[in-house]
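Student: Here is my input; please provide its structure:
(one chain, ligands or ions: 1)
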Amino acid sequence: MNENELISDRRGKKPIFVRGLGSYLPERILSNADLEKIVATSDEWITTRTGIRERRIAEENQYTSDLAAEAAKKALADAQCGPEDVDAIIVATVTADMAFPSTAAFVQKKIGARNCPCMDLEAGCSGVPYGLELASALLRQGPYRNILAISADKLTTITDWQDRLTCVLFGDGAAAFLVSCEGVGAKWEVLHIYIANDSDGTDILYLPGGGSHMPATEETVKNRMHFLKMNGKEVFKEAIKGMGLALENVCALGNITPDQIRFFAPHQANKRILSAIAEHMNLPPERFLSIVEWSGNTSSASLGIAMDHAVHHGWLRPGDLVAPVSFGAGLTTGACLLRWIG
Ligand code: UT7
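Tutor: Below you'll find the predicted structure:
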């Protein structure tokens, strides 16, 4: 058996493909120099500690569903499909337009798809592997043919602009995959997916206010409970550990070693996290796609935006293995093994 046969062994499962990929970043740029005017920080601190120089900020009247719809339209164009071809919509987000209806429902309207099932998925920054896993499972059991798995976040709406430790990190963005059981004209084959959650870490990255646990009151607003809270140091350590483990697990599923992977598309949280994983796995850092310098941390969307960037720059060759890998609130982890068809 050669290498390709080994990684294609899906144990009798129906093959799953990505027919189209699209991403979207809002136009408005927020630079480190802009942030210096908002909180006590410096361009030097932000670039040294995170690698981030600028991030994109959505307009006030541009909601998560707008970002998601833009990415979805690009994925459909990439697949040469129309909204009538969409059989279901999944939106992974932690910044839904509203508590209900689902953000996916708003996306359905905005892209002109009709009557297909719509659902939101909450997996922190792991929206890509979780979304691909859910879409693959639905496609395998039918009757679906094409499912939009979108990851979108307008994280700047839950960012505390008085907290210098977190507000320098985040940006807004979206990525969409048209996942399909039809291989004709497909760009990627989805070979393996690994997803997990370690609930011991629910207290290091969370947003306390607004849910059933702490409904909104004047007090919760005054105490800034509707903004993201993070223990940066702990999250940093867990991110390295969690993404390393997710990669090992997805490689085991594919019966390959990490050095056979052409590119890793890690969650773009901090350049230092990417370097640490590369070092820990003894792999060249240039194999870890990094867009954090100009995108910031776009939460669930970041892996997809990084993959789209690699495609648009022509960095992939047919047959290349690409591994998106993520880490997020939950604590979720996930990794996928995809083959670029071209
Ligand atoms: O998608 C969600 C996943 N999120 C992540 O993966 C984030 C993971 N965590 C991190 O990336 C890093 O922990 C941070 C970038 C958030 C912080 O970096 P750090 O090296 O862990 O900094 P620190 O928390 O140890 O803070 C070092 C110093 C502190 O000052 P003292 O106590 O040494 O005097 C902070 O008060 O830097 C100070 N500091 C800042 N200074 C300037 C914290 N934030 C800032 C800031 N500008 N924005």
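
Student: switch to C-alpha atoms for all contacts and neighbour counts from now on
Tutor: Will do.

Student: all helices of this protein, in order?
Tutor: In the chain, the segments counted as helices under DSSP state H are 3-8, 32-36, 43-50, 64-78, 103-111, 127-141, 164-167, 218-222, 232-254, 271-280, 292-295, 302-312.

Student: for the longest one, packing partners?
Tutor: Identification of packing neighbours for helix 232-254 by 3 or more Cα pairs under 8 Å, 6 or more residues apart in numbering; DSSP states H and E yields helix 3-8, strand 188-197, helix 271-280, strand 321-328, strand 332-340.

Student: Please convert the ones you listed to TSV, extending it with distance to residue 87 and mean neighbour count.
Tutor: Formatted as TSV, the entries for these read as follows, by distance: least, Cα to Cα, whole Å; neighbours: other Cα atoms under 10 Å:
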stretch	distance to residue 87	mean neighbour count
helix 3-8	26	14
strand 188-197	19	22
helix 271-280	36	18
strand 321-328	24	28
strand 332-340	22	27
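
Student: who wins for proximity to the ligand among those?
Tutor: For the helices and strands packed on helix 232-254, proximity to the ligand was assessed by Cα to the nearest ligand atom; strand 321-328 is nearest, at 5.5 Å.

Student: What strands flank the closest one, and is each parallel or antiparallel?
Tutor: Each strand that strand 321-328 pairs with, and the sense of that pairing, follows from DSSP bridges: strand 263-266 (parallel), strand 332-340 (antiparallel).

Student: correct me, but residue 50 touches residue 272?
Tutor: Yes - here residue 50 lies in contact with residue 272, judged by Cα atoms under 8 Å, at a distance of 6.3 Å.

Student: hmm, back to that, Serialize the strands paired with strand 321-328 to TSV and add fields for mean pLDDT and distance to residue 27.
Tutor: As requested, the strands paired with strand 321-328 are exported to TSV (pLDDT from 0 to 100; distance: least, Cα to Cα, whole Å):
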stretch	mean pLDDT	distance to residue 27
strand 263-266	98	23
strand 332-340	98	29
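
Student: so which of those gets nearest residue 88?
Tutor: Minimum separation from residue 88 across the strands paired with strand 321-328 (Cα to Cα) falls at strand 332-340, 21.0 Å.

Student: got the angle between the closest one and helix 302-312?
Tutor: What separates the directions of strand 332-340 and helix 302-312 is an angle of 20 degrees, with axes from the mean of the first three to the mean of the last three Cα atoms, to 10 degrees.

Student: What residue in the stretch 1-150 of the chain comes nearest to the ligand?
Tutor: Distances from the stretch 1-150 of the chain to the ligand, computed as Cα to the nearest ligand atom, single out residue 41 as the nearest residue at 3.6 Å.

Student: Backbone dihedrals for that residue, please?
Tutor: When read as degrees, to the nearest 10, the backbone of residue 41 gives phi -140, psi -180.

Student: Quick one: residues contacting it.
Tutor: Neighbouring residues of residue 41 by Cα atoms under 8 Å, 6 or more residues apart in numbering: 35, 164.

Student: repeat for residue 84
Tutor: Applying Cα under 8 Å, 6+ apart, one finds that residue 84 lies in contact with 112, 113, 114.

Student: Also residue 138?
Tutor: With Cα under 8 Å, 6+ apart, residue 138 has these contacts: residue 144.

Student: Could you provide the helices and strands packed on helix 232-254 in TSV, with additional columns for distance to residue 210?
Tutor: Output for the helices and strands packed on helix 232-254, formatted as TSV (distance: least, Cα to Cα, whole Å):
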stretch	distance to residue 210
helix 3-8	44
strand 188-197	23
helix 271-280	31
strand 321-328	20
strand 332-340	21
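
Student: What residue, apart from its backbone neighbours, is nearest residue 74 spatially?
Tutor: Taking Cα to Cα, 6 or more residues apart in numbering as the measure, residue 74 lies nearest to residue 22, with 4.6 Å between them; neighbours along the chain are not counted.

Student: what's the neighbour count on the one you found?
Tutor: One way to gauge burial is a neighbour count; for residue 22, by other Cα atoms under 10 Å, it gives 26.

Student: List the beta-bridge partners for it.
Tutor: Beta-bridge partners of residue 22, counted by DSSP bridges, are residue 176.

Student: pLDDT score for it?
Tutor: Residue 22 carries a pLDDT score of 98 in this model.

Student: and the gap between residue 90 and residue 152?
Tutor: Between residue 90 and residue 152 the distance, using Cα to Cα, to the nearest Å, works out to 10 Å.

Student: So between those two, which is more surrounded?
Tutor: Remark: of residue 90 and residue 152, residue 152 carries more neighbours, 37 against 28, as counted by other Cα under 10 Å.

Student: Residue 68 is in contact with the more buried one, correct?
Tutor: Yes - Residue 152 sits in contact with residue 68 when judged by Cα under 8 Å, with a separation of 5.4 Å.

Student: hey, what's in contact with both of those two?
Tutor: Common neighbours of residue 152 and residue 68 are listed as 91, 173, 174, 175 (criterion: Cα under 8 Å, 6+ apart).
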